[in-house]
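3D model of this:
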Amino acid sequence: MHLKNYPEVTIIVPCWNEESTVKKTIQSLFHLSYPKDKLKIFLVNDGSTDNTMSVLSSFASHENVKVFNKENGGKYTAINLGLESTETEFVGCLDADSFVHPESLKRIMSYFEIDQSAMAVAPSIIVNTPMSIIQRAQKAEYDMAVYVKKMLGFLGAIHVTPGPFTIFRKKVFDDLGPYRHAHNTEDMEIAFRMQKNHYKIEQCNDAYVYTNAPKTVGKLFRQRLRWIYGFLNNTIDYRELILKRKYGNFSLFTVPSGIISVLAALYLFSRLAYNLGHFIYSKLNQIRVVGIQNISASSHFSFFYIDTKTLLFVTIFLYASVIFSMVLGRKMAHGKTAFSLNMAYFFVIFSVIAPFWIIKAIFNTLTSKSPAWR
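Here you go, the predicted structure:
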């Protein structure tokens, strides 16, 4: 792919205790197939307590690299420090645990070249070399997101501009201001702010960014708790946008769908917990009446007990839609359409764990308790 013009772009890499990954992150920027004299790289150490600053300093001799060191203040303050020194027309961020495909920047910039009204272009994020079952479940989820976010892009309804390599026209920050704390989800809040001000966000599905997904249930839980908490609280902050036609499909579809998804997950989990509790209670009563030795003889399976009401069919439809999205997303990201075992891992793990981080996020919202970043 070749562009007619190669505008100057600044990439800000905020870092906090990322000594094990940031070198590979920076090297992936050096390998971008983009003119080196058009690419500025700002490395911002946000008060790391490990060897991150030494790693960043080793790149300071490169002409297009500038290293910043500041006290810890959070990711959004690190990006904003870089924004203050940005003089290029385009600017983006790359998380210090992510790596970009060599063609990603050119592919993203082609959207700006074609459409002068595009104000931000988001990439497709893919899980990098998943090892654990937890990571493989997330790989299926991220593949699904490749398809879903492209569809949201077509609708003009994107609700988050991911930290890993979304590129903006700097005009966005000049007009709307810098990043905000935004409940530790600054990349979501800026998308809400852009939608409020009718700034167009595109999705480049073949601009690949590879990220290291959480390896354990605990780390996954903390990440998703922060994400759901951020969505709930950014939605509250921008509640005046909900179901307002002038804000387009973002207002009429994306945000309401997110709210409905949270409520539906709570309802299904509550229904399952109730049915399970009712089953256990009835069996305990049965044991008390007829004795445990007669339980097996008096218990048998019957389709009569299967719920065939609307809820069952809605559930089947939703699961089918998820599988459909995963298959298409996998095709878009990897060129493969076959069913993957990762999809099975996703349904098992997320069906069990997701309701708990949703419940916790709602509880934290009600009690005004912000979850930790990690």
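
if we look at the helix or strand hosting residue 195, which residues are touching it?
Element membership of residue 195 [criterion: DSSP states H and E] is helix 186-196. The contact list for helix 186-196 (Cβ atoms under 8 Å, 6 or more residues apart in numbering) reads 75-76, 79, 93, 119-120, 158-163, 166, 172, 176, 179-180, 182-183, 201, 230-231, 234, 237-238, 241, 247-248, 250-251. Heads up, the C-betas are built off the backbone N, CA and C, glycines and all.

Would you mind listing which of those are buried?
Those of those that meet the buried threshold are 75-76, 79, 93, 119-120, 158-163, 166, 172, 179, 182-183, 201, 230-231, 234, 238, 241, 247-248, 250-251, by 16 or more other Cβ atoms under 10 Å.

Filter these down to the ones in helices?
Mapping the buried ones among the contacts of helix 186-196 onto helices (DSSP state H) picks out 75, 76, 79, 172, 230, 231, 234, 248.

Give the full set of residues in contact with the first one.
Counting by Cβ under 8 Å, 6+ apart, residue 75 makes contact with 14, 16, 46, 163, 184, 186, 373.

Return the member of those nearest to residue 325.
residue 163 (22.7 Å; Cβ to Cβ).

and residue 223, how many neighbours?
17 (other Cβ atoms under 10 Å).

scratch that, residue 243
The local packing of residue 243 (other Cβ under 10 Å) involves 10 other residues.

try residue 353
The number of residues packed near residue 353 is 16, by other Cβ under 10 Å.

in which helix or strand would I find it?
For residue 353, the host element (DSSP H and E) is helix 341-366.

elements contacting the host helix or strand of residue 277?
In this assignment (DSSP H and E), residue 277 forms part of helix 255-290. Applying 3 or more Cβ pairs under 8 Å, 6 or more residues apart in numbering; DSSP states H and E, one finds that helix 255-290 makes contact with helix 217-237, helix 295-298, helix 310-334, helix 341-366.

where's residue 257 relative to residue 151, distance?
Note on residue 257: its distance to residue 151, by Cβ to Cβ, to the nearest Å, is 12 Å.

shaky segments in this protein?
Scanning the chain for pLDDT under 70 picks out 291-311, 374.

Can you pull up the most central residue in it?
Centroid-nearest residue in the chain, with Cα atoms, centre = their mean: residue 162, separated by 6.5 Å.

Need phi/psi at that residue.
Residue 162 adopts backbone torsions of phi -50, psi 140, taken as degrees, to the nearest 10.

Give the full set of residues in contact with it.
Applying Cβ under 8 Å, 6+ apart, the residues contacting residue 162 are 122, 123, 125, 187, 209.

Looks to me like the second one is in a strand.
Spelled out, it's residue 123. Yes: assessed with DSSP: H, G, I helix; E, B strand; the rest coil, residue 123 lies in a strand.

now it, nearest residue through space, not along the chain?
Nearest residue to residue 123, sequence neighbours excluded (Cβ to Cβ, 6 or more residues apart in numbering): residue 207, at 4.0 Å.

Which strand or helix spans that neighbour?
Using DSSP H and E, residue 207 falls within strand 200-211.

and what of residue 109?
Short version, using DSSP H and E: residue 109 is in helix 104-114.

and the angle for that helix with strand 200-211?
Inter-element angle recorded for helix 104-114 and strand 200-211: 170 degrees (by axes from the mean of the first three to the mean of the last three Cα atoms, to 10 degrees).

quick one: buried residues of helix 104-114?
The neighbour-count check on helix 104-114 (16+ other Cβ under 10 Å) flags 104, 105, 106, 107, 108, 109, 110, 111, 112 as buried.

which other helices and strands contact that helix?
By 3+ Cβ pairs under 8 Å, 6+ apart, helix 104-114 packs against strand 118-127, strand 167-169, strand 200-211.

Now with 6 Å, please.
strand 118-127, strand 200-211 (3 or more Cβ pairs under 6 Å, 6 or more residues apart in numbering; DSSP states H and E).

My guess is residue 67 contacts residue 56. True?
Yes: counting by Cβ atoms under 6 Å, residue 67 touches residue 56, with 5.0 Å between them.

which neighbours do those two share?
residue 43 (Cβ atoms under 6 Å, 6 or more residues apart in numbering).
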